[in-house]
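Chemist: 3D, please:
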Amino acid sequence: MDDTHRGTHRAARLAVFGVALLLVVVIGARYSRGQALDATPRPPAADWTAPHVAGQLLVKLADASATGAGSVAVEAAFARAGVRTLNAVPQLGLVLVETQPGADLAQTADTLGVSVGIEWAEPNYTFTLDSADSPSNALPDAEFVPNDPYYASYQSPYLDQIQMPQAWVYATGRPEVIIAILDTGLDMNHPDLRDGVWANPGEIPGNGMDDDGNGFVDDVHGWNFPDDSNQIYDDYGHGTHVAGIAAARINNGVGVAGMAGGATIMPVDVFHYNIGAYEDLIRAVIYATDNGARVINMSLGASSYSRGEQMAVDYAFSHGVVLVAAAGNSGNETYHYPAAHANVIAVAAISASDTLCSFSTRGDFVDVAAPGCAVWSTVPGGYGWMSGTSMATPHVSGLAALILSLNPSLMPAEVRGLIEQNADDLGAPGRDKLFGYGQINAGKTLAMVTPGTGPTPQPPPPLPEWPVGCQELIADGDFEGSLGGWQASGNVGVDATQAYSGTQAIHFPGGSNASGVVSRTFFLPAAPADGTLWFAYRIETSDPGSGVLPQFPYDDWFTAEFRTTDGRLLASLLRTGNTADTVSSGLPWDHYVYRMQAADFEPLRGAGPVALVFTARNDADAQPTDFWIDTVRFCVDPSPYRLYLPMWLQEP
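Modeler: As a prediction, the model looks like this:
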């Protein structure tokens, strides 16, 4: 969780989310340009003096189907030009792309315009109403000032700066919009929260049955993943504070006013007190999605990247969920996940004087900023102050819920676009590493929402944690029979002093320049559509050192990857290290889970035998970091498959 200071009615220490995740770098392959240019007539020259959206281009593709998965040539062209896809109109073969900060828009358009597979690129022009009257998006003269007693004295200094009184004229939240708070739980009896807690419409309370068939028994008001229980409580206080910022009841004459005080709160606990295993986070994201959440708030994170976590947020995003996460409290440019995933809105923290809070992580992954210094909200049994990007995040989640209250048919990219495009630019002109697109402006944002009554995206059928009838591809992942079919090289062995299950685990001993590799090779089914990879890992370190790369902030590191038998990387799965969640931080074993669907198998198809490779390495100093892995499971749907005999894989 990402809060740095707590001034509550009880003392509590800083919380650091104990999820260890990895960095994946997706590198677009570079291909040589064709000899002849497309002869398709091009539009008139772009008018760069006309009003247009900064940093955005409309790109016309030669093949309209490339707006889906994308053709190799188009992806390579986008990689060369340094642009990322924001949206697409497949019917017209149009793609909206965003350039890198500071890039010359005209030059980027020229580069794309002469690329194979692309017909032209032009600015994303803007337009206005053909009227002499005041624009319809002007902030209303009226303001809605709630009667919650703490609003005027404690909340207004920072909520007024993001135009909440003007925003509440448009909407205060609707109960059909569910905000899932993935956190430390919730004080279910808090007078400012209890009337807004989600009630599962498909579940009969207390009958000991899974009435709605979602895989969770009696989950009437959410789920407690660490305890594997339907009992919701807050043993730390963080989740209650976050929930109050997003959706404490508004204008009820009690306590504080939440951003979307009429929306519904779905409490989902992912923490043992103040440490969370990221398997629980991944399962929680899927749970919230499958049970109707429209917004997921994650005031938490870690410096490691996990492909499994990326799969979970992409799953939610593709099913109509807006994901919002804390940018982190490192005060530097270290990448912080899940905020740094492409489909998540990363939120930095600012003070009531529009300055970046000193602790707030900065970097090119930051999208927007919101109040995060000394925020007053609900805590178990009362109210209190907290600071952190944890507190900034639910301001954005609440704004997303207000947007969806006005127009429930909007998809996540549209909600995100409204928030970013209407933010108040702070710092350097345009998007920057400190504030992203700027401080959120709720009044201006809601003024730009076209009210709608279209269909709300329906929750997908529950995604089972393990495919029904799946078959195990790794029969010797417990290491009880020593290495079995695994191959090892370097500084690695079987250890009988530490184990997640049974009596033995694989151990990578730390030491100066120590390194080791363990791999297991197999054939995948011809066309798997479902699968789950799971393993437990443990980190013990005496090395406090950090790396210098924002995406790789470790001295000593550990990775899990899919590779071909000749060492070619197919997919990065986990990258973590000595500055992630360790035994000393209170997490004896962390759990990796990657719930795979058909698209997740794409990088592996046609590769022949695939190797699951674990690599550990220490730097040259004398402060060691030890890594362990145990209980490796890789289960896929019951398509015909054949195992491939293990092969020696050289250290990458």
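Chemist: What's the local residue count around residue 45?
Modeler: 7 (other C-beta atoms under 10 Å). (C-beta placed from N, C-alpha, C; glycine too.)
Chemist: Find me the pLDDT at it, would you?
Modeler: On the pLDDT scale, residue 45 is placed at 71.
Chemist: is it true that residue 121 touches residue 108?
Modeler: Yes. Using C-beta atoms under 8 Å, residue 121 is in contact with residue 108, at 7.5 Å.
Chemist: who touches both of the two?
Modeler: residue 57 (C-beta atoms under 8 Å, 6 or more residues apart in numbering).
Chemist: of the two, who's got more company?
Modeler: residue 121 (26 against 20).
Chemist: ok, that one - contacts?
Modeler: Here residue 121 is in contact with 57, 58, 59, 60, 108, 109, 110, 112, 113 (C-beta under 8 Å, 6+ apart).
Chemist: Separate out the buried members of those.
Modeler: 57, 58, 59, 60, 108, 109, 112, 113 (16 or more other C-beta atoms under 10 Å).
Chemist: Got the confidence number for the last one?
Modeler: Among the per-residue scores, residue 113 shows a pLDDT of 86.
Chemist: Tell me how far residue 46 lies from residue 593.
Modeler: From residue 46 over to residue 593 the distance is 47 Å, taken as C-beta to C-beta, to the nearest Å.
Chemist: which of these two has more neighbours?
Modeler: Neighbour count, other C-beta under 10 Å: between residue 46 and residue 593, residue 593 has more, with 24 against 20.
Chemist: Verify the contact between the more buried one and residue 532 for me.
Modeler: Yes. With contact defined as C-beta under 8 Å, residue 593 counts as touching residue 532 (6.7 Å).
Chemist: okay, and the common contacts of these two?
Modeler: residue 465.
Chemist: contacting residues around the residue nearest to residue 83 when sequence neighbours are not counted?
Modeler: Closest residue to residue 83 apart from its sequence neighbours, by C-beta to C-beta, 6 or more residues apart in numbering: residue 97 at 4.1 Å. By C-beta under 8 Å, 6+ apart, the contact set of residue 97 is 56, 57, 59, 78, 83, 84, 85, 86.
Chemist: The same query, at a cut-off of 10 Å, please.
Modeler: Counting by C-beta atoms under 10 Å, 6 or more residues apart in numbering, residue 97 makes contact with 55-59, 78, 81-88, 108-109, 112, 121, 124.
Chemist: what's the neighbour count on the nearest residue to residue 222 once chain neighbours are set aside?
Modeler: Here the nearest residue to residue 222 in space, its sequence neighbours aside, is residue 267; by C-beta to C-beta, 6+ apart that works out to 4.3 Å. Residues contacting residue 267 under the criterion other C-beta under 10 Å number 26.
Chemist: Give me the next element, helix or strand, following the helix or strand where residue 267 lies.
Modeler: Assessed by DSSP states H and E, residue 267 sits inside strand 264-269. Later in the chain than strand 264-269, the nearest helix or strand by DSSP H and E is helix 278-290.
Chemist: got the residue ranges for the strands in the stretch 451-600 of the chain?
Modeler: Taking DSSP state E, counting those that start in this stretch, the strands of the stretch 451-600 of the chain run over residues 471-472, 487-490, 493-495, 505-508, 515-522, 530-541, 557-564, 569-577, 590-597.
Chemist: where do the helices sit along the stretch 251-400 of the chain?
Modeler: 278-290, 307-318, 389-406 (DSSP state H, counting those that start in this stretch).
Chemist: All set now, cheers.
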